[in-house]
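J.: What follows is a predicted structure for the sequence shown.
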Amino acid sequence: MIIYIYLNTIGLESLLLISLKSNKLYTNNKRVSQTIQKHQPMKTKQSGCLICGADLVYKSAIEEKNCFICLQPNNSNAECVNGHYVCDTCHSSDAIKVIKSLCLNYSSKDPIQLAMSIMDSPAIKMHGPEHHFLVPAVLLTTYFNTIDKHNLLPEKIAIAEERAKAVLGGFCGFYGNCGAGVGTGIYMSIVTGATPLSIREWKLSNLMTANSLRMIAEAGGPRCCKRDTFIAILEAIDFTETHLNVKMQKSENIRCRYFDNNKQCLFSECMFYTT
Ligand SMILES: [Zn+2]
Ligand SMILES: [Zn+2]
């Protein structure tokens, strides 16, 4: 009880420090944790660990860990140097709402412009699996806007959201399969109605991912969810025009405005970097 009152009189940042020191109390007391979340909006970091902002470390072995926010157990090999693990769902939940809302309210045809307006929201972190949904969502939005079928969007975006959940955080490095690139395959599959038994649609969906992945890989590591998203979207715009004869708008001279939060930014080596 003493702790409950204390937690409600201080900021969540201090609260998390306390929970660090007495981790057992926090992780074993779901009620306290839920009460806190109800009264206090979660303040999270834009880069690195969502809880403390420290660097993430990736181990070779997968272990069962409890998410620091929802407390649910998950298998993962990622945590921050201070031992925080946050599951993909908690990492992306606010972001998913922002992505859906901005896409469903967008009436133009420029996927890069839409992607950047979404990325400007603090709900979208510098890196994270929300980009695996962001990519197909903005492409579907601008594709269906371009062919004047905006009314189909809620259904199509819901399918993309479901599929993107299977593309886990860290897919790029651990599966050789950047989630932004996979996002373009999800987009193409939905637009063409591809299934594993399709012929032309199957080919287009896999070619779409292949083209994006090649360009993303050629740009070199380490991963940057912004750079990889821009590359994937640009590839998808060209691919869509070539193979589906639908021409979305293509932003010229994309200037990244997010690099301040990227500890691994390539700076002048990145095609989207300008001072
Ligand atoms: Zn941390
Ligand atoms: Zn969680």
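T.: Sure, I can see it. Ligands and ions are numbered 1, 2, ... in the order given.
J.: got the contact list for residue 261?
T.: Residue 261 is in contact with 46, 47, 126, counting by CB atoms under 8 Å, 6 or more residues apart in numbering. The way it works is simple: take the backbone N, C-alpha and C, and place the C-beta from them, glycine included.
J.: Residue ranges in the chain under the pLDDT threshold?
T.: 1-43 (pLDDT under 70).
J.: Apart from its neighbours in sequence, what residue is nearest residue 161?
T.: In space, and not counting its chain neighbours, residue 161 is closest to residue 133: 5.7 Å by CB to CB, 6 or more residues apart in numbering.
J.: Quick check: the gap between the most centrally placed residue in the chain and ligand 2.
T.: For the chain, the residue sitting closest to the mean C-alpha position, by CA atoms, centre = their mean, is residue 130 at 1.9 Å. As judged by CB to the ion, to the nearest Å, residue 130 and ligand 2 stand 14 Å apart.
J.: Contacts only, for that residue.
T.: Contacts here follow CB under 8 Å, 6+ apart; on that basis residue 130 touches 91, 92, 95, 96, 99, 124.
J.: now with 7 Å?
T.: By CB atoms under 7 Å, 6 or more residues apart in numbering, the residues touching residue 130 are 92, 95, 96, 99, 124.
J.: Burial check on the last one, number of neighbours?
T.: Counted by other CB atoms under 10 Å, the residues lying close to residue 124 total 24.
J.: Could you check how far it is from residue 229?
T.: As judged by CB to CB, to the nearest Å, residue 124 and residue 229 stand 10 Å apart.
J.: ditto for residue 84
T.: In this view, residue 84 and residue 229 are 25 Å apart by CB to CB.
J.: And the two? Which one has more around it.
T.: Legend: neighbour count by other CB under 10 Å for residue 84 and residue 229, higher for residue 229 (28 against 24).
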